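Enquirer: Give the three-dimensional model of this entry:
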Amino acid sequence: MVEKVLTVNLAQGLAARPAAEFVKLASSFASSVRVGKHDQFVDAKSVLGVMSMAIAHGETVTLQAEGSDEAEAVAALADLLGKESL
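Expert: Residues are numbered from 1 along each chain as shown. Below is the predicted model:
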């Protein structure tokens, strides 16, 4: 398993449109991917799950991936969350 803790830089956080982009990217990987904050995790491939976390700009989140392309998944999702806008 690969895990990375990072700060969300997206101006809107993971609101509707950014959450959809995040889920689309997470779904492109074979690995199981989760995102969480405050020890609560959801499936990163579920738009409802991701939006239910209400992840805002400046919050610290943890990405976890397990599978054949886990490192690539975490790196790509971390890059997306590090952008200022989509």
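Enquirer: Who are the packing partners of the helix or strand harbouring A78?
Expert: Element membership for A78 (DSSP states H and E) is helix 70-82. Judged by 3 or more CB pairs under 8 Å, 6 or more residues apart in numbering; DSSP states H and E, helix 70-82 is in contact with strand 2-7, helix 16-27, strand 32-37, strand 60-66. Every C-beta, even on glycine, is put in place using the N, C-alpha and C of the backbone.
Enquirer: so of the ones you listed, which one's packed in deepest?
Expert: Among those, ranked by average contacts under mean count of other CB atoms under 10 Å, first place goes to strand 32-37 (a mean of 20).
Enquirer: For that strand, give me every contacting residue.
Expert: 22, 26, 41-45, 50, 53, 55, 59-67, 73-74, 77 (CB atoms under 8 Å, 6 or more residues apart in numbering).
Enquirer: Kindly report the same for stretch 39-47.
Expert: Contacts of stretch 39-47 (CB under 8 Å, 6+ apart): 19-20, 22-23, 26-27, 32-36, 49-50, 52-53, 62-64, 77.
Enquirer: What distance do you get for the closest residue to S52 other than its chain neighbours to A26?
Expert: Nearest-residue entry for S52: V42, 6.5 Å, with adjacent residues in sequence omitted and distances by CB to CB, 6 or more residues apart in numbering. The gap separating V42 from A26 is 11 Å, by CB to CB, to the nearest Å.
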